[in-house]
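[1] take this sequence and fold it.
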Amino acid sequence: MSDQTTLLKNIKEAAEYIRGKYPEKPEISLILGSGLGVLADLVEGGVTIPYEDIPHFPVSTVEGHAGELLLGKVEGKHVLMMKGRFHMYEGYGVETVSFPVRVMKELGVEKLLVTNAAGGINTSYEVGDLMLIRDHINFTFRNPLIGPNHSDLGVRFPDMSEAYSRRLREAAKEVAAEQGLKLQEGVYLGLLGPSYETPAEIRMMRTLGGDAVGMSTVPEVLVARHAGIEVLGFSCISNMAAGILDQPLSHAEVMETTERAKPKFLKLVLGIISRI
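    Have a look, this model is predicted:
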């Protein structure tokens, strides 16, 4: 059996299992980054499925990532939430990290909201800011679309000129303005990790046009766009990147900041889900 045939089979088996637990078609999917799993508290009538129970799903190993799928209703819409995502620094291949997005498409998801905790490169940003992702730079130098292309999954050469939907970004800005929430907008730069960046690397990234830096999101967005899913992305600026404040970086700081940002983030996401 070819790799592509195996992939199609695995996608269908995972989707079938999830459908057996929650037969409704989810319209919107959310991938929740470090410390942002609190969004799951919004789900009504939710069904929780541990990742290890889903055929062919990897397992999340990072602190702050619960490692479960939650399906239910938010603002009257059926949603699928990933509480915890997968990263290449955990040892997973780029295809494995993005596999859940393939399953989302098979389940009928049309819109994906991705969130992450990121380091601020733009010196006008402050810790605790929310950044609407306008675009990204792929500094992982990995692409989940490498290899034979199966036309059932998407086109060979997907367009990335609007990786993050302009339509959804405008809706997000409207909701933020109505709520009186300051929303930054910028370019996310994705790295492999797991070490934080050096001050010299951060200076380089700023020169290249990066506003925030993290270790996730890019593979999922590449696959989502390949699959024809509209994407909206947010970074919670959990710390200023190396060299800006002349202090060491830690995952504990990331978790603390996302904890403080939760109330405004919850309100914003609720407003966006009802709008889109």
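[2] residue closest to the middle of the chain?
    Residue closest to the average C-alpha location in the chain (CA atoms, centre = their mean): residue 114, at 3.0 Å.
[3] state the paired neighbours of the one helix or strand that one maps to in the sheet, together with their directions.
    Assessed by DSSP states H and E, residue 114 sits inside strand 111-120. Next to strand 111-120 in the sheet, as set by DSSP bridges, lie strand 28-32 (parallel), strand 212-214 (antiparallel), strand 230-240 (parallel).
[4] if we can go back for a sec, measure the residue nearest to the centre of the chain to residue 225 for me?
    Computed as CB to CB, to the nearest Å, the residue 114 to residue 225 distance reads 12 Å. All C-beta atoms are positioned from the backbone trio N, CA, C, and that covers glycine.
[5] for the protein, which segments count as strands?
    Here the chain has its strands, by DSSP state E, at 28-32, 44-50, 68-74, 77-83, 111-120, 130-138, 183-190, 212-214, 230-240.
[6] before we move on, back to that, to residue 87, which of the strands paired with strand 111-120 lies closest?
    Closest to residue 87 of the strands paired with strand 111-120 is strand 212-214 (CB to CB; 9.7 Å).
[7] which residues are contacting the closest one?
    Contacting residues not belonging to strand 212-214 are listed as 33, 116-122, 125, 131, 133, 186-191, 197, 202, 205, 235, 237, 241 [CB atoms under 8 Å, 6 or more residues apart in numbering].
[8] try it again at 6 Å.
    Strand 212-214 is contacted by residues 116, 118, 119, 120, 121, 131, 188, 189, 235, 241 when judged by CB atoms under 6 Å, 6 or more residues apart in numbering.
[9] of those residues, which is the most crowded?
    In terms of neighbours by other CB atoms under 10 Å, those top out with residue 118 at 32 neighbours.
[10] and that one, what are its bridge partners?
    residue 237.
[11] what about it, distance to residue 135?
    Residue 118 sits 14 Å away from residue 135, going by CB to CB.
[12] ok, now residue 147?
    25 Å.
[13] looking at those two, which has the bigger crowd around it?
    The residue with more neighbours, out of residue 147 and residue 135, is residue 135; 17 against 11, by other CB under 10 Å.
[14] how about the contacts made by the nearest residue to the more buried one once chain neighbours are set aside?
    In this structure, residue 135 finds its nearest non-sequential neighbour in residue 187, 5.0 Å apart by CB to CB, 6 or more residues apart in numbering. Residues near residue 187 by CB under 6 Å, 6+ apart: 135, 209, 210, 211.
[15] and what of residue 101?
    Contacts for residue 101 (CB under 6 Å, 6+ apart) come out as 220, 223, 224.
[16] surely residue 73 meets residue 44?
    Yes - Residue 73 is within contact range of residue 44, at 4.7 Å (criterion: CB atoms under 6 Å).
[17] between the two, who's got more neighbours?
    Taking neighbours as other CB under 10 Å, residue 73 and residue 44 compare with residue 73 leading, 15 against 10.
[18] who does that one form a beta bridge with?
    Bridge pairing for residue 73 - DSSP bridges - gives residue 44, residue 78.
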